[in-house]
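**Q** need a structure here:
(4 chains)
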Number of protein chains: 4
Amino acid sequence: MAKRKLNVALIGYSFMGKAHSNAYRQVARYFDLDVEPVMKVICGRTESKVQAMRDKYGWEEYATDYRDVINRPDIDLVDVTVANNQHAAIATAAAEAGKHVLCEKPLAMNVAEAKGMLAAAEKAGIVHAICHNYRKAPAIALAKQLIDEGRIGHVYHFRGVYLQDWILDPSFPIVWRLDKSVAGSGSHGDLAAHLIDAARYLVGEITGVCGMMDTFIKQRPLLADFDDRLGGKASDQMGEVTVDDSSIFMARFAQGGVGTFEASRFCAGRKNYQRFEINGSNGSLAFDLERMNELEFFDRTDPAHAQGFRTITATDGCHPYAGNYWPAAHIIGYEHTFINLLADLLKAIAEGKAATPNWVDGVKNQAVLEAVEKSSAARGWVTPEA
Amino acid sequence: MAKRKLNVALIGYSFMGKAHSNAYRQVARYFDLDVEPVMKVICGRTESKVQAMRDKYGWEEYATDYRDVINRPDIDLVDVTVANNQHAAIATAAAEAGKHVLCEKPLAMNVAEAKGMLAAAEKAGIVHAICHNYRKAPAIALAKQLIDEGRIGHVYHFRGVYLQDWILDPSFPIVWRLDKSVAGSGSHGDLAAHLIDAARYLVGEITGVCGMMDTFIKQRPLLADFDDRLGGKASDQMGEVTVDDSSIFMARFAQGGVGTFEASRFCAGRKNYQRFEINGSNGSLAFDLERMNELEFFDRTDPAHAQGFRTITATDGCHPYAGNYWPAAHIIGYEHTFINLLADLLKAIAEGKAATPNWVDGVKNQAVLEAVEKSSAARGWVTPEA
Amino acid sequence: MAKRKLNVALIGYSFMGKAHSNAYRQVARYFDLDVEPVMKVICGRTESKVQAMRDKYGWEEYATDYRDVINRPDIDLVDVTVANNQHAAIATAAAEAGKHVLCEKPLAMNVAEAKGMLAAAEKAGIVHAICHNYRKAPAIALAKQLIDEGRIGHVYHFRGVYLQDWILDPSFPIVWRLDKSVAGSGSHGDLAAHLIDAARYLVGEITGVCGMMDTFIKQRPLLADFDDRLGGKASDQMGEVTVDDSSIFMARFAQGGVGTFEASRFCAGRKNYQRFEINGSNGSLAFDLERMNELEFFDRTDPAHAQGFRTITATDGCHPYAGNYWPAAHIIGYEHTFINLLADLLKAIAEGKAATPNWVDGVKNQAVLEAVEKSSAARGWVTPEA
Amino acid sequence: MAKRKLNVALIGYSFMGKAHSNAYRQVARYFDLDVEPVMKVICGRTESKVQAMRDKYGWEEYATDYRDVINRPDIDLVDVTVANNQHAAIATAAAEAGKHVLCEKPLAMNVAEAKGMLAAAEKAGIVHAICHNYRKAPAIALAKQLIDEGRIGHVYHFRGVYLQDWILDPSFPIVWRLDKSVAGSGSHGDLAAHLIDAARYLVGEITGVCGMMDTFIKQRPLLADFDDRLGGKASDQMGEVTVDDSSIFMARFAQGGVGTFEASRFCAGRKNYQRFEINGSNGSLAFDLERMNELEFFDRTDPAHAQGFRTITATDGCHPYAGNYWPAAHIIGYEHTFINLLADLLKAIAEGKAATPNWVDGVKNQAVLEAVEKSSAARGWVTPEA
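**A** Next comes the predicted model:
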């Protein structure tokens, strides 16, 4: 009954900081765990903001330098939710300090960085995890279960899109996600990375890619105040957009199937439209993040006259994670994917086992991302090297 | 190879006349039948119009008096598609003349009339049919098959709506369908009659009803020219709307289940929205006429974690009627329900058997319609008497 | 910055206790409020259970007698989530003790009880609220906004169903919700009450009802252990089901429109299917609780060739409540309706204003519920008397 | 009133022969045209079959050698629906004989052949047309209208799939569509050709492609009887599948947008799933052939809180072609796309104008098909050369 406490330090307080804070606050309310997270300290560079967020999200303390935090002996788990170009430095340092580390995706700016992080983590023997939270949506976990049960047979096709529309307006300014030096890439690392994780989770490793990356609007207003780069006002000066607006690629899987991937922020009306479909020899599965409680399933073994795509609302006690929340079809939301991921991570830490997904996944994901970038430049096929 | 010819006289040339003409033209192209219909004569009161329709629809001759037509010795089948207040006279006379008769729905203006028609038909020994064409949509016929196979078990609920919006505008004039002396009723006989047929076909007889019928817009413009009553221009004089705009009722079925029925022409955006759902002890079925190739089916015997409403596209060779048309998911449309009904009718005539549905169905349907009207007036439950 | 604290006592710890606890825990993390709830004490009759729930949900203390709790001077708000037959006693006592009270729905066992509660609350001058949480779903609040903006015009039709299937199996035992002495009614008070609230909120007061209530399975196993009546094992003894399995009624609204209502727990595949549609002179709206982030809207003022039901994903900053959570189409779930309701209630308390919805709504809702029960018995129309 | 007659010769009597026959039979019943087609002669190599089809489809005569037919002075229009490897010979000869020619898609086996056909047609001055019938679905014609009205603005993305599943079973034999010498290609020419036409029609010319074509099952049973190659029984001998099972490619449009294309016959549950989505600066459009009466439209100029994808049921009088058929939401089917195409073709012939789409479209389509094949072999980008 007296549970083991796990002190957490959260690095970063914006969008992901909010989602992760919520997960720490909620996880023990829904899951019976052997370790209980303690929201010890939140860390960010701007004191006034991080202090406000400490109060808002319910952390005990705040700090402004991550180095102070990761070296505190009372911290057990460091959670890295800052911009992509800082992942490697912070996560590596935390691992070297012997902390378990949860890192946001994409793991790093490139494969070399990602491999360095993994090497440090393995050397330190810590539990490392990457926040591909959608794996933990009950409907996607159910897709994995149905595939493992053989219900769709051998997979021929994976077909995924992740479409948004928040930068359609040419007057939208260059926030950090449009700055290659900070974000690494645009739709590619932000959105396609999720598709790649889904494909790797549900189908298997990718052995070749051929892609095209485009920037439709090449000049945009700079920010009025650079420190507001998370989402500030436009200035009247223009700058260069250095990331892709759209990332499209074809792929081959090790198991013989083929895939298509498309990520874009230029799709009017698509707000958070991660949709994928998997076609196998015995059936098909489809998922749409905007209706994330549902999984579509076609079963070729149904009686011929009664075959059809069925919509499974993955909210029953018999579905992954769902029994921890509400009765059937009392749906859960976006934030619960983080809670589920955290529950799995805490269980891994409690049991001294590897987390899933972890930095091995991060490295392999990064390898596909990087191969697509090379492919787009070379206008041909490239083999991901992880 | 030399097929028996069946000479057809069509009475009425407007909307239903067009749909029925198409069915006669097409049925032998899609179905292998022992009798082949010959489009002999089309009959209507206004010579210029019926002549034009003869050419348009492809009939051999035209006539302006139905009495001339039904007494022609070369006519085998009389098809009655005129306004409801003429059904009884024409269909009865045709039956008495020994012709097979297909009559549009609702069969008559009231139960007494309907019973008279049935008595005449039975006395004459002719094949009588009523044009509840939606029974012949492959998806509805499939629903019947699945029910007969026991796949949804004992039915607890039938829930049907038939919603349109074509008279929402108060300036829409009083066409024949808004004139009780011609149409008998409004949404009730036009739309609810279809729901009643679906319920009787799929669930069983109705033993009690309690309803409310409403006229939301009680005054409308009269027609500029009464002869244009099928759809003419509004005059600047107002008249009384004598039919219901909306018809709603609750019902009990002989087998123990309960039902709800709603028909209205005041539902913005619903153009031809006949939707019903049937819930049984083992599963559920749902149908939407605007997506009439599809049937939704929930099967409680599926594995618990893989249950969900599935959308069956009833267009495969294994589905009723569908094999006569196109490959899977090359959908058919509204007009094909008439072709299917006609194919069944021609088969019944060829084999000397009763058609389905026929005037027994027409009488029972009329009894429910009439009971609802009485119930609405009496503000209580009424037993349909057929 | 130093916010006013509001000490809360929660009475009841099962399903609704879990949902309300979550709301208290979360509300200040998402909303900027002038008062902050303190999760002071949770109260339930079985000590071992209430103690466990204190730990699970994060309350400071627990208690086993509600009288002790409501008389504590440090308690500001009493939240009543116990079975329906205890609402009146507890909520009235709390009001008389000068506490603000949030009470679960339906407010009481009958209108007389409900009126007594309201009188006590008004006499005491406390803030009273009823937990019709679905009003606070962003999509439903948006429906209200669109109606208030005149976008669908004069309402002709309300059409609501709330369908579940959790007691389809005849071996499911008689839990409290199937016991009239505890629950008051079955689907009726549990599910139809929500539809009535939606109809009153979005259309207006109901002036007449005509209904039918049915119990399809009249005998079921008793519980093995009565104390487990929230959801225990079946014994091998049978008992009488004293509540309705299905509740259906027609209604008239004061503003001239008509409505249909249906609630049932016998609809295979419908897990939490609260769906309603509203048709007005200018447009229509539809909502489905299983896709609670979405609102369907048909606008007759769109260009004729571009009209159609549109699916609004009510998750943008411009939608009610949604800006407090996540970016567009990062959906929220069932539990957030309680958080939104609580935010509104806390705001009302802070400002000394009436909460919405409150016990006036509770009384009026109860009046409709009771009128339907009378109507079902009398087999005719009844006027709700509130 | 006395309309000009146009004598038609149909070459080929299988699937497309059936669809085209229906169109000739029906077109004058739904459209007021200045020329009326006469179903003069149907031509096929197997006498017993073509004779049966003459009777079945309602042609006046039959013939077994196309040379006899195209040289008949009384024939005005030759319609070529035979296998792809015969298009060029027959259509060219017919054009040279001065007949108007409608040819099935893909126009030819390769670009050189297609260009030869076009040259012959232009030299002869005949009206040439290609049967890209889906352009004539009301919903797709409406998409074109909305695009031309500027409602979605500048197009950034075209995303199309055409998925079927009829050869998933490895025991399905090598019919003509799986034989490169007859069909030219597999999914590519059969399905992707339709997507290419939609993209060209709605977005514009394609200037570069990069694709991958796969054959998942490389050996299949040969046919028991080669003459049954349209769909006969499997023998116990195996043969080589010489066409693609799946065709995937990325594309660039002349106007600056990007596209993805995927065609496959290995997608379980997808029967005739041609679905595409177009994203522009002001809105988006989406179409699904299995629900071909519907068009989805997102309009960024709607009020912010009321934006959403709307489903337009393109069946009203204000929608293209729809007014010729039935009242709103009384849907049409697959076969009506051919009727609409024929109506347009007859109008072009009557007016002495070019048909749309025609062999110029056929050549350009073929150029894209061929470029993708080259690209798949070369594993890089190729420019279509038309």
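**Q** how much space separates the nearest residue to A:Gly12 once chain neighbours are set aside from D:Glu240?
**A** Spatially, and ignoring its direct neighbours in sequence, A:Gly12 is nearest to A:Thr81 (3.6 Å; C-beta to C-beta, 6 or more residues apart in numbering or on different chains). C-beta here means a position set from N, CA and C on the backbone, and glycine is covered the same way. Between A:Thr81 and D:Glu240 the distance is 54 Å, computed by C-beta to C-beta, to the nearest Å.
**Q** before we move on, what about A:Lys5?
**A** On the measure of C-beta to C-beta, A:Lys5 and D:Glu240 end up 66 Å apart.
**Q** cool, and A:Ala91?
**A** From A:Ala91 to D:Glu240 the distance is 52 Å (C-beta to C-beta).
**Q** would you list the phi and psi of A:Thr81?
**A** A:Thr81 adopts backbone torsions of phi -120, psi 20, taken as degrees, to the nearest 10.
**Q** wait, it touches A:Lys18, no?
**A** No. Contact criterion C-beta atoms under 8 Å: A:Thr81 and A:Lys18 do not qualify, at 9.1 Å.
**Q** the more surrounded of those two?
**A** Each of A:Thr81 and A:Lys18 has its neighbours counted (other C-beta atoms under 10 Å in any protein chain shown); A:Thr81 has more, 25 against 21.
**Q** quick one, grab the pLDDT at that one.
**A** Listed pLDDT for A:Thr81 reads 97.
**Q** any stretches of the stretch 151-300 of chain A with poor pLDDT?
**A** Residues of the stretch 151-300 of chain A meeting the criterion pLDDT under 70: A:226-230.
**Q** of all the residues in it, which ones are close to chain C?
**A** When proximity is defined by C-beta under 8 Å from any C-beta of the partner chain, the stretch 151-300 of chain A lies next to chain C at A:Trp166, A:Lys271, A:Asn272, A:Tyr273, A:Leu289, A:Glu290, A:Arg291, A:Met292, A:Asn293.
**Q** just the closest of the residues you listed to chain B, please.
**A** Using C-beta to the nearest C-beta, A:Asn293 comes nearest to chain B of those, at 11.2 Å.
**Q** on that earlier part again, among A:Ala91 and D:Glu240, which residue is more densely surrounded?
**A** Comparing A:Ala91 with D:Glu240 by other C-beta under 10 Å, the one with more neighbours is A:Ala91, at 34 against 13.
**Q** residue contacts, that one?
**A** When contacts are counted by C-beta atoms under 8 Å, 6 or more residues apart in numbering or on different chains, A:Ala91 touches A:Val78, A:Val80, A:Val101, A:Cys103, A:Met117, A:Ala121, A:His128.
**Q** and those, which is closest to chain B?
**A** For the contacts of A:Ala91, the closest approach to chain B (C-beta to the nearest C-beta) belongs to A:His128, at 30.8 Å.
**Q** list the contacts of the closest one.
**A** With C-beta under 8 Å, 6+ apart, A:His128 has these contacts: A:Ala91, A:Ala95, A:His100, A:Val101, A:Leu102, A:Cys103, A:Met117, A:Leu118, A:Ala121, A:Ala355, A:Asn358, A:Trp359.
**Q** quick check: bridge partners of it?
**A** A:Val101 (DSSP bridges).
**Q** Throw together a ChimeraX command that grabs the buried residues out of the contacts of A:His128.
**A** Entered in ChimeraX, the line below selects the buried ones among the contacts of A:His128, by 16 or more other C-beta atoms under 10 Å in any protein chain shown:
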select /A:91,95,100,101,102,103,117,118,121,355,358,359
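**Q** strands - which of the contacts of A:His128 land there?
**A** Mapping these onto strands (DSSP state E) picks out A:His100, A:Val101, A:Leu102, A:Cys103.
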